[in-house]
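*Asks:* sequence? don't have it. structure:
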């Protein structure tokens, strides 16, 4: 009898991938158990200072996601945990976990940090890669989630000071490791990677020369919260370096060490670290990057690379560094390298090793327990057409564990894995999740304001500096304050109960808490207020810890004075607070997918597996898109067979309505309530209602104009070559391929990513079917990233000649009757070479689908300057548009390989499921609202709104602004700009803000 | 002496030694003075509690020593010996002349009986400024101290010296005045005495009540010792039998030896460990050759002519314990056997001679005067009674205690105050020691020479050396005292000690609990607010917590950091010779 | 005796919730001390700060106003709020001259969530700057009026 | 002129080795050259007070407590053993021989041997010669050393462990494990070595901003080690970046008002 399916998922690894997968699963109604080996989640990304290509501060974009995960009712985080056993099968697994003791009671610890301040023992701080020290009782970093401390049992001498200091009595020395058994439906592996141990490359002197650091150490050096406060200093003498060198491919593309693969992200983070280093250094800083191939293959990566060269003056040297030696006196480093055959040495103040990625530590043990196959590099074995599935049914993989990859790919794969995990247990959706019931909301509109003020001691964090009792007494004297009290920890569970009692007891209709930062604690208090029957927006907070007691520790009098001002100011705002309703919109649980290529089809199948209706609109006569033209792959899978299976599956699925030769003519409405007109091939028009849109319009091949393409039949594109080979019509003695045709030039500066892979694929095919044919590949940078590096080396060993060219010495193709000539500069022989190839094969770039412009305007979504679609956030929301409910995947986002498109397609499906899985959507309450008599219809607001959440509508003949509450994010841009002040912002009205300002500045008579 | 009126909560916390002392002597106080070698101040402090340090140093039953909590670790502190040494040294180095007390009150007080109870009452009342006259039947004052205890235990000059101190306070003692004959309650009242304290003690020996008791050669212990004390000759024979197991039995036996008796045997109807006499007295008697026969009771004394020839006794066996908790001896039929002796000294107990007392005062069994044990009032207003006459034969220290209590009663009676108010104070014996294993053991108690300091015929240097050696050993022995009681009970109230107190600055304390760890007395702990709090009672002011506090949040009231700093600077400034 | 001894500048800080407010929090978490003269008002986005708020603040007695938001060009959580703020403050500075308020009393700064040091440095620097400028001219105008 | 060592003796009220005059600073019986400061119990003496005594120019410091187990406060003398132990690790930092501080037990029964010990100590200090700190100007290098040592002795890190040392070495720690004495000593050595450097930097950078190189030269340390300590000081808010000259950052103390 088939075991009952369980509506829960286990996510292994709390890095950015694990977090994204957990959020998507939890938002789609599934119980998630997120486990991590360390004391808190965040993974390696939490250590990074900035992220490319946007130079966003890594913590700024990651911590909101961590906080959301920490607070999500459907997600249980188990830290210090590792898997010890697995039984059962897909749909019903039993997982045995061992949770190592933290020696701290997690429920009681609220992360106030007093114990760490007072602990006498110091230990190496591995979060800062050993460049700093921490106490024996620690959290990795201030924004850690869960913010619970941990005792480092090896270093701790057991003196007992922390137990005494801890006001919350959260220390428990006798806490033992515990065994936990979880019952889940599917498992997602996101354990990330282990940075390569740079000591293995002894010739670079890491570990011996102080000024040779790894790239992760350099991230900490760059970080404002790092050991040197963001100033770039040399570990040997604390001087600011004048010349720094980056050595790429350390521990990657290294055959002897057994890591022949390329770690995919080092080129880019190397460049980024060089740029940020220059930005952080007041004095002149020269940065040189020693590289073999500059693999800036991602979206807008080449822009970044060019800016690094031109704007930031980063010097790029194409050479593999032989070794590094140290001048013991000055601590400077001599980098020995070879540049066009002449050995050179340059002196640098600091050398940064761009270390590659290796599989996570003791991953083979986990693999054995879970019985999943690893590939020859000990990464997780996956197939090109099923990049998210491991060898075991029901266990999925995402992130660097399947192959070294960059953050956007990991995040996309995370959503994809979430979709796969959900599809197995789709019927169990919502079964194991607890939906919170709130008491009926009390109508306070007719009541006089009665405010309750709760001032927090936070142990001694606030109470140690601010005279809390004096602030409470003062609060009692303020107008409209009906009750005020002090608490030791306002955020603790028992104080929540106390607040609810006080609300009933004193008939409070507004609550103010003076404690720490609302960014982490506002949701907690809003929920408590709502549980007491009050509208959650009748609550406000002021920060008297991080922005008062902690920063005025030596001026207790002024700090107390400031705390009183802040309380008076927030009470003034609270008096004016009005209840706000969270707009609830219902959701048509149907999807619309534009584009029937491999991405469109996969997305449709995934949504259908989740049980949702899908309208799949394809412009061509048949499904398949670009996949039609692919006859063979580098990996030994048959693309055409997979294509047919996909088409059969899509057309056979009764939930997927396929419209071939059709086009989406018009899309109106907003998330959950879209109405679209589909122009069918027979001229009819069909109107459909749907909740989400997935753009999978793919991309097309660039029709070259250079190199006599179209003028000489022997000049063909890679696709045309593939056609010939596939149909057996290929016969040639020597073939020359030219890379970067129509890409990496002024008009299209960014790389088209897949041409290098295509060239190598065809070159190997040629060598396979007619080994004697000469094959030349003229390339600028051979960007065979990740495991594709193996094929690059295979091609080279099989005699394919790779010749580097650069922009100022491009190859020339000239044609004389009956003969084709190719002239190019051979950098090693340093001479012009002329060939008469049978074919000149152009690796034509993949360019945006010309239809993108129309679709973009229709959906009111932006395009990048290259013409691809611009997603909400390049790093952490690659598959969402800024506009809610619209998603994208595949080559519409940017050129990519098939497995990457499939990952994105599944990802987009998961993202869409977070909306489709709900019958109604509750939106944020803080929105703009328009007073229609004041509105003059001047359209300023419509123009300003980045989310198109406000539009001008006819009302009794008068143009009036109307807010689409579902789309409005409450940023207030429109409200501020409105000339007639017709727009008021919920919870941040002008009167409230002015009242806050006035109260803050009032001269109080008290001393 | 007024009860120390420090405003403690209801229960007054005392160290075990003081709690056990009937006279509430501040033992912990003078022992800690001895620790500092302050012998003079120690004696002055003892005198504040009672007038007879030298006497009690020699013959007190010392309940304090038995209660000393050090017995849980090794041996109690030698409190009695230390009191004796302090008093002797003071006497040898010239007794302190008390400054005369000005007479604050007019009312004259009469005290009948110059025994320990009477003299103690006179002493306390004199200190309060009352004119006191003590009437004593015997030619010399002292009562049992002079006439009941043999010389080898208590020299007469010691008694005289201590009584002289009382007379220096202005107390008049009229000897040779017999109550009931020369003076009566009425004559005293006529003479203007507003209050009378009857403390004539228990003068008569109890009779055996067996045939032959009135034969020649039978001397009852009390009268026997009184005659010897008066220096009269007593013709005891060579073979003496003493009946009884108390101190007076031992005294009678050892005195007989000193009077030339060849063979002295003590017959006691119970076994050795029921003997009420002091253990070291029993050992001393054994050393001096006194024989003991236990479980033997006299049946009849057989005389030859009027002289005692032998005594016939019965063997006893111990049955169920009687009211006093001691096992009741039951004669074994037919176990008669005789001892040939020529003298028999019954020393079984003492009784009060009630003939001269107005019968109204007596209790229903007409053996002692009925008096309230706390206020010592009798049935007649203004007439008080205490000591053996009210309680029956008891120890000297209990008599002294009675004297102290009656002084308070008389003082209140004369001032019209209620005698009972606030006096039923409960006392609670406390000791800060929690874990006796942790207390380091000092098993061998320093034995100081028993010889009377100063009196031997030795050269001056010799005496000086002996004296300093005794002082040194006393300090070492005093060091064994753990100072169980709260500081205020020791010297602080006497103004003799600059004891310190710890004070916590709560704004600085972060609750690291180091103070609680290092404090030897557990006097500082974290309160419910998680901040250190000092228990003033048990804090002894050593200052260890202040020296160790990681946040420097604890300051000492007297020896502040600044005080120490100024001392250091002052010391450094002075030129170094 | 400098004319503004004992003068305690009062500064209002409008901080956007996502970046600058988080930066101020990090200054607190890292215990970086700065003068207590600033009173922080939290708004969802620097784009929400209406020039009228800044003028009202001066009217209510502020000696300086700090407007803080996310780094240009792409840190803003609402994509373009910081652009709007920079335009509005630039415009306001021109108007301030007419009111006789020195433009330096209004400062526009970009602070990211990891720049605790920078936020503290800005507050320290601004308090010093305002201290040199002395009390807001509006204050003695009222006194005169 | 023959060198007369200035020796300060701290004596507990109960041990009475001296004839103390009313001011509490009399002379020991027979040894006029030692000035005494009386306290209730020798356990009252904080290591900081001894360091201040040396800072004020004392050549030697004697601590006299009652011979165990005779302490009137039971453990005062035993706690002082740990105080003197830590002082012997601290005063060398200020260039003083560890033997310049000594703990002596006094017991009334061994008065002669006690007197001899005092005499020996007096001679020993005499041989060492005057304390290098005698009549030093406040800002001199040695004075900085003793001030830094004093700050180390006032630092929470050292004091909390010193306070618990007796309990930890004699009993067990919170995990029920016994910590060998050497291990705790090693911990103390680490803390003292690190904190001394940090407090030295703190005092130096209080006067004027210093660069890493300047600190390294002043204190005689490798620049890399100096930088590691500055990182720790930043974490503990003792130092902040003052300004950058060319490529050299200068740091200054974060003063606690």
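*Replies:* Looks like it came in fine. None of these values were measured; they are calculated from a predicted model.

*Asks:* what about the nearest residue to residue A:812 once chain neighbours are set aside, distance to residue A:842?
*Replies:* Distance criterion C-beta to C-beta, 6 or more residues apart in numbering or on different chains; nearest residue to residue A:812, sequence neighbours excluded, is residue A:823 at 4.5 Å. Just so you know, the C-beta spots here come from the backbone N, C-alpha and C atoms, and that holds for glycine as well. Going from residue A:823 to residue A:842 by C-beta to C-beta, to the nearest Å gives 16 Å.

*Asks:* Of these two, which one has the most company?
*Replies:* residue A:842 (29 against 13; other C-beta atoms under 10 Å in any protein chain shown).

*Asks:* quick one, phi psi at the residue nearest to residue A:812?
*Replies:* Backbone torsions for residue A:823, taken as degrees, to the nearest 10, come to phi -110, psi 130.

*Asks:* which residues does the closest residue to chain A within the stretch 101-250 of chain D contact?
*Replies:* Here the residue of the stretch 101-250 of chain D nearest chain A is residue D:173; by C-beta to the nearest C-beta that distance is 3.0 Å. By C-beta atoms under 8 Å, 6 or more residues apart in numbering or on different chains, residue D:173 lies in contact with A:157, A:158, A:159, A:160, D:179.

*Asks:* Does it belong to a helix, a strand or coil?
*Replies:* coil (DSSP: H, G, I helix; E, B strand; the rest coil).

*Asks:* Counting neighbours, what do you get for residue 31?
*Replies:* Defaulting to chain A. Per other C-beta under 10 Å, the neighbour tally for residue A:31 reads 25.

*Asks:* um, chain C though
*Replies:* 17.

*Asks:* The nearest residue to it once chain neighbours are set aside: what's it in contact with?
*Replies:* Excluding the flanking residues, the one nearest residue C:31 by C-beta to C-beta, 6+ apart is residue D:237, at 5.0 Å. The contact partners of residue D:237, taken as C-beta under 8 Å, 6+ apart, are C:31, C:32, C:33, D:254.

*Asks:* measure residue D:237 to residue A:353 for me?
*Replies:* 32 Å.

*Asks:* Ok, residue A:509 next?
*Replies:* Look at residue A:509 and residue A:353: by C-beta to C-beta, they are 61 Å apart.

*Asks:* likewise residue B:89?
*Replies:* 86 Å.

*Asks:* Who has more neighbours out of the two?
*Replies:* residue A:353 (29 against 19).

*Asks:* Can you name the residues that contact residue 282?
*Replies:* Since no chain was named, I'll use chain A. Per C-beta under 8 Å, 6+ apart, neighbours of residue A:282: A:240, D:244.

*Asks:* My question was about chain B, not that one.
*Replies:* Counted by C-beta under 8 Å, 6+ apart, residue B:282 has contacts B:250, B:272, B:275.

*Asks:* Kindly recompute the last result at 7 Å.
*Replies:* B:250, B:275 (C-beta atoms under 7 Å, 6 or more residues apart in numbering or on different chains).

*Asks:* Go through the strand or helix carrying residue A:665 and flag the buried ones.
*Replies:* Element membership for residue A:665 (DSSP states H and E) is strand A:663-670. Applying a neighbour-count criterion of 16 or more other C-beta atoms under 10 Å in any protein chain shown, one finds A:663, A:664, A:665, A:667, A:669, A:670 buried in strand A:663-670.

*Asks:* Ok, stretch A:501-511 next?
*Replies:* A:502, A:503, A:508, A:509, A:510, A:511.

*Asks:* Flag every residue of chain C that's near chain D.
*Replies:* residue C:31 (C-beta under 7 Å from any C-beta of the partner chain).

*Asks:* could you pull out the helices for the stretch 651-800 of chain A?
*Replies:* A:718-726, A:755-769, A:788-797 (DSSP state H, counting those that start in this stretch).

*Asks:* for those, which one sits closest to residue A:375?
*Replies:* Smallest distance to residue A:375 across the helices of the stretch 651-800 of chain A (C-beta to C-beta): 10.5 Å, for helix A:788-797.

*Asks:* mind listing what residue A:758 touches?
*Replies:* When contacts are counted by C-beta under 7 Å, 6+ apart, residue A:758 touches A:718, A:843.

*Asks:* my bad, should have said residue A:630
*Replies:* Contacts of residue A:630 by C-beta under 7 Å, 6+ apart are residue A:639.

*Asks:* Can you get me a residue count around the residue lying closest to residue A:323 once chain neighbours are set aside?
*Replies:* Spatially, and ignoring its direct neighbours in sequence, residue A:323 is nearest to residue A:203 (3.9 Å; C-beta to C-beta, 6+ apart). Counted with other C-beta under 10 Å, the neighbours of residue A:203 add up to 11.

*Asks:* again, but for the one 3 residues further on
*Replies:* For residue A:206, the count of nearby residues is 21 (other C-beta under 10 Å).

*Asks:* check contacts around it.
*Replies:* Contacts of residue A:206 by C-beta under 7 Å, 6+ apart are A:198, A:199, A:212, A:214, A:353.

*Asks:* nearest to chain D, of those?
*Replies:* residue A:212 (12.8 Å).

*Asks:* Looking at strand pairing, list the partners for the closest one.
*Replies:* residue A:351 (DSSP bridges).

*Asks:* Tell me how many other residues surround it.
*Replies:* 25.

*Asks:* circling back: which pair of the contacts of residue D:173 spans the longest distance?
*Replies:* Among the contacts of residue D:173, A:160 and D:179 lie farthest apart (C-beta to C-beta), at 11.8 Å.

*Asks:* so what sits against both of the two?
*Replies:* Counting by C-beta under 7 Å, 6+ apart, nothing touches both residue A:160 and residue D:179.

*Asks:* The two: which has the busier surroundings?
*Replies:* When residue A:160 and residue D:179 are compared for neighbours, residue A:160 comes out ahead with 21 against 18, by other C-beta under 10 Å.

*Asks:* got the contact list for that one?
*Replies:* Neighbours of residue A:160 in contact, by C-beta under 7 Å, 6+ apart: residue D:174.

*Asks:* Tell me the secondary structure at the residue nearest to residue C:31.
*Replies:* Under three-state DSSP, residue D:237 comes out as coil.

*Asks:* what does the one 4 residues further on give?
*Replies:* In the three-state summary, residue D:241 is assigned as strand, counting by three-state DSSP.

*Asks:* how many neighbours does the residue of the stretch 551-700 of chain A found nearest chain B have?
*Replies:* In the stretch 551-700 of chain A, the residue that lies nearest chain B is residue A:556 (8.5 Å; C-beta to the nearest C-beta). Residues contacting residue A:556 under the criterion other C-beta under 10 Å number 15.

*Asks:* Kindly report the same for residue A:436.
*Replies:* If you count neighbours by other C-beta under 10 Å, residue A:436 ends up with 8.

*Asks:* Doesn't it lie inside a helix?
*Replies:* No: assigned with three-state DSSP, residue A:436 falls outside any helix and is coil.

*Asks:* Look up how far residue A:502 lies from it.
*Replies:* 21 Å.

*Asks:* What of residue A:770?
*Replies:* On the measure of C-beta to C-beta, residue A:770 and residue A:502 end up 86 Å apart.

*Asks:* and chain C, which residues reach chain B?
*Replies:* Contacts of chain C with chain B, taken as C-beta under 7 Å from any C-beta, are absent.
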